[in-house]
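[1] sequence and predicted structure are below.
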Amino acid sequence: MPASTDTSGRARRGLPIAATVTVALAAVTLGAAAVRLQAVPAPAATPAAVEAPAATARVVTVTARDYAFLAPDTILAGRTELRLANQGPELHHAQIIRLEDGKTPADLVRAMQAGGPPPAWIKEVGGPNAPAPGQTSTTIVDLEPGTYMFLCFIPSPDGKPHVMKGMMKAFTVVPAPAATPATPASTAAAGISTRPEPSVTMTLRDYGFDLSSPLTSGRHVIRVRNEAAQAHEVLFARLAPGRTAQDLVAWTEKPEGPPPALPLGGTVGMGRGVANDVVLDLEPGEYALLCFLPDAKDGRPHVAHGMIQQVSVK
């Protein structure tokens, strides 16, 4: 049944919200689960009290397990570097939803249980997309005060999205304290990272990824901005030697043999006008950019509408 849209043009997907969001990722989940990479322990929780100067962000670690998030109950508003540590054998992402109009996590749970289109009072803010099991992905998000939830919509091997197995976590974003002088020592002690300004901008459109310049090897901060009428994501995947982005799409439709790519992260669904910064370490090779969100018109994943791109990194 085709998806409908609200007045902003955002896709109105049926609840549970991710029942169709990551159908193709279910296959990637099965392949990644077979890899069984050793889990990387998440860094210890750090206090957030020192004001972050320009080009810095407070660090918040979100640990994903099967099927739960370990994350702070309260996060300070502002530029926030979210590190998603996947300690489960399956793929996980951390979709951030902001609850508006005074709604609560209980309201969202009731809406999901009732079925039907997602409520108009949720806002898709993005968040770290899926790294491989045992790995970490990093996304920088600007958070405003309010009530939020982390949700994982990736299906498990039995086809049920993780959110329906309880993989959700509510948190509150509160105003940051008054400015205090920050020194390198105090910044490090407060769990604040310093990142360069984004070197590349990626614009998400219906249905493509526009890069401001070619990607090169090394560490990058990539600003991903959604300028499309509907929500989009970007999943970065490093292709195995000799494999192509089309091989990856074909494998997600019929997963036989080892997966032809390794998921690195990216950003999950963002509404129109929302931007996230993605931190990536790129090696020379071939990469795929993909969006699996369902289309507002026909409900098919955006990769089926051509929202897939292969890029070479030198």
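    Everything's here; your move. Residues are numbered from 1 along each chain as shown.
[2] so what's the residue count around residue 311?
    Per other C-beta atoms under 10 Å, the neighbour tally for residue 311 reads 17. Just so you know, the C-beta spots here come from the backbone N, C-alpha and C atoms, and that holds for glycine as well.
[3] hang on, isn't it packed against residue 289?
    Yes. Counting by C-beta atoms under 8 Å, residue 289 is a contact partner of residue 311 at 6.6 Å.
[4] buried ones in stretch 89-97?
    For stretch 89-97, burial by neighbour count (16 or more other C-beta atoms under 10 Å) applies to 89-97.
[5] where does the stretch 151-300 of the chain have low pLDDT?
    Across the stretch 151-300 of the chain, the ranges flagged by pLDDT under 70 are 179-190.
[6] what segments of it are strands?
    For the stretch 151-300 of the chain, strands defined by DSSP state E, counting those that start in this stretch occupy the ranges 168-174, 192-194, 200-205, 208-211, 218-226, 232-239, 261-270, 275-282, 285-290.
[7] hey, which of the ones you listed is tucked in deepest?
    Of the strands of the stretch 151-300 of the chain, the one with the most neighbours on average (mean count of other C-beta atoms under 10 Å) is strand 261-270, at a mean of 27.
[8] any idea of the angle that one forms with strand 285-290?
    Computed by axes from the mean of the first three to the mean of the last three C-alpha atoms, to 10 degrees, the angle separating strand 261-270 from strand 285-290 equals 30 degrees.
[9] identify the bridge partners of the residue nearest to residue 273 when sequence neighbours are not counted.
    Of all residues not flanking residue 273 in the chain, residue 226 sits nearest, at 6.8 Å (C-beta to C-beta, 6 or more residues apart in numbering). Beta-bridge pairing of residue 226 under DSSP bridges involves residue 204.
[10] just checking, residue 226 touches residue 270?
    Yes. In this structure residue 226 lies within contact range of residue 270 using C-beta under 8 Å: 4.4 Å.
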